[in-house]
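Asker: No sequence on hand, only this structure:
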């Protein structure tokens, strides 16, 4: 093979690699589920904010919205994510709250791909999700000076959580009286 031909092949390979590097994301699909019963949520609006990275931050390129089907599924095509470095996907439906706004366990952090699952919490179950958020883990988290677990240390965390739950319930009761 001649040097000219090898040079041309190298140029073409480099151009192909550059073109592939510009494709930051692939399209994808996911499902919207209820946090209460893990059932699909039909008719939810799923919005993807397509972002392009800049030197110090990112800028919005476009906002694409789709509606979930009977199985709670949504899909963003390759054309929807073309030019996106990041995609922030949010979900909304009347009578529900996006679960990630209440409980960090429902958040996602891989913004370079379409999330497989997004969660909604029915309005009637928001208080219960908040209560699970403040429930302490059942772990030995307090220790003696010699490094052995101090079982009574867990009680302080449960005590604090109890009073937080009590405040939530009192606020909920006040809201109900006003309504």
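Answerer: Yes, it's here. Since this is a predicted model, take the numbers as computed values, not measurements.
Asker: okay, CA-based contacts and neighbour counts for the rest of this
Answerer: Fine.
Asker: How is this protein divided into domains?
Answerer: In terms of domains, the chain is parsed into 7-123, 135-178 (source: automatic domain parsing).
Asker: can you give me how far the first one is from the chain middle?
Answerer: Pointing back at domain 7-123 there. 9 Å (Cα atoms, centre = their mean, to the nearest Å).
Asker: Where does pLDDT dip in this protein?
Answerer: Applying pLDDT under 70 to the chain flags the ranges 1-24, 134-159.
Asker: The same query, at a cut-off of 80, please.
Answerer: For the chain, the stretches with pLDDT under 80 are 1-25, 55, 109, 131-166, 169, 172-173, 179.
Asker: how would you label residue 176: helix, strand or coil?
Answerer: Residue 176 falls in the helix class when you classify it by DSSP: H, G, I helix; E, B strand; the rest coil.
Asker: Pull the number of nearby residues for it.
Answerer: Look at residue 176: counted by other Cα atoms under 10 Å, it has 9 neighbours.
Asker: circling back: please work out which of the domains of the chain is packed deepest.
Answerer: Neighbour counts (mean count of other Cα atoms under 10 Å) averaged over each of the domains of the chain peak at domain 7-123, with a mean of 16.
Asker: coming back round to it: and the domains of the chain as JSON lines, adding distance to residue 129?
Answerer: Formatted as JSON lines, the domains of the chain follow (distance: least, Cα to Cα, whole Å):
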{"stretch": "domain 7-123", "distance to residue 129": "7"}
{"stretch": "domain 135-178", "distance to residue 129": "10"}
